[in-house]
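# predicted model and sequence follow; I will ask about them next.
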Amino acid sequence: MECNRNRWKSTFVLWGVLIMNDRFFIHKITVYHTEDDEIFTRLHFDKVYFRHNKKTNLVDKGLQEGSTGSITIPTTEKLDVFTNDYIVEGTVEDEFDLSTLQEKYQIFKVVSVDDNRKGGLPHYKIGVSE
């Protein structure tokens, strides 16, 4: 058994197979997935990595604040996550109503979905924006 614990890497080599390091995948998310913009289904994911980027832009009317982020979901399964879906950090049981959810939670819209299931570290990388 070989274990590579280089602090700059977030992977382990175990019996010749790369696996992601569990200490980074501590977040939970809820995805509100839609097929037709009217009916939303909830998908819950545990053990994901959610990196937030807070930013402030200077626009002609003053400052505009916003957040972006990237979410890594380690999996070999096909996921039903697409652009125009919405994501909330944590496990949420509320039905989808955008204005109600925005009052209670920070809501992110999916802007990109990268299927990286091929190779040694199969995962999806999801780009989100507030």
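Received, thanks.

# check contacts around residue 78.
residue 117 (CB atoms under 8 Å, 6 or more residues apart in numbering). (Each C-beta comes from the backbone N, C-alpha and C, glycine too.)

# so which helix or strand takes in the residue most central in space within the chain?
For the chain, the residue nearest the mean C-alpha position is residue 71 (2.7 Å; CA atoms, centre = their mean). Taking DSSP states H and E as the definition, residue 71 sits inside strand 62-74.

# just residue 48 next, same as before
Following DSSP H and E, one finds residue 48 within strand 40-59.

# packing partners of that strand?
Applying 3 or more CB pairs under 8 Å, 6 or more residues apart in numbering; DSSP states H and E, one finds that strand 40-59 contacts strand 27-34, strand 62-74.

# buried stuff in stretch 103-115?
Across stretch 103-115, burial judged by 16 or more other CB atoms under 10 Å covers 105, 107, 108, 110.

# repeat that for stretch 81-90.
81, 85, 86, 87, 88, 89.

# what's in contact with that stretch?
27-34, 37, 40, 43, 50, 71, 96, 98, 101, 105-113, 124, 126, 128.

# what do you get for stretch 116-128?
Residues outside stretch 116-128 that contact it (CB under 8 Å, 6+ apart) are 11, 17-20, 68-76, 78-79, 81, 87, 108-115.

# switch the cut-off to 7 Å
For stretch 116-128, contacts defined as CB atoms under 7 Å, 6 or more residues apart in numbering pick out 11, 18, 20, 68-76, 79, 81, 87, 108-115.

# got JSON lines for the buried residues of stretch 81-90, with secondary structure and distance to residue 119 too?
JSON lines is the format used below for those (DSSP: H, G, I helix; E, B strand; the rest coil; distance: CB to CB, whole Å):
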{"residue": "81", "secondary structure": "coil", "distance to residue 119": "19"}
{"residue": "85", "secondary structure": "coil", "distance to residue 119": "25"}
{"residue": "86", "secondary structure": "strand", "distance to residue 119": "29"}
{"residue": "87", "secondary structure": "strand", "distance to residue 119": "24"}
{"residue": "88", "secondary structure": "strand", "distance to residue 119": "29"}
{"residue": "89", "secondary structure": "strand", "distance to residue 119": "27"}
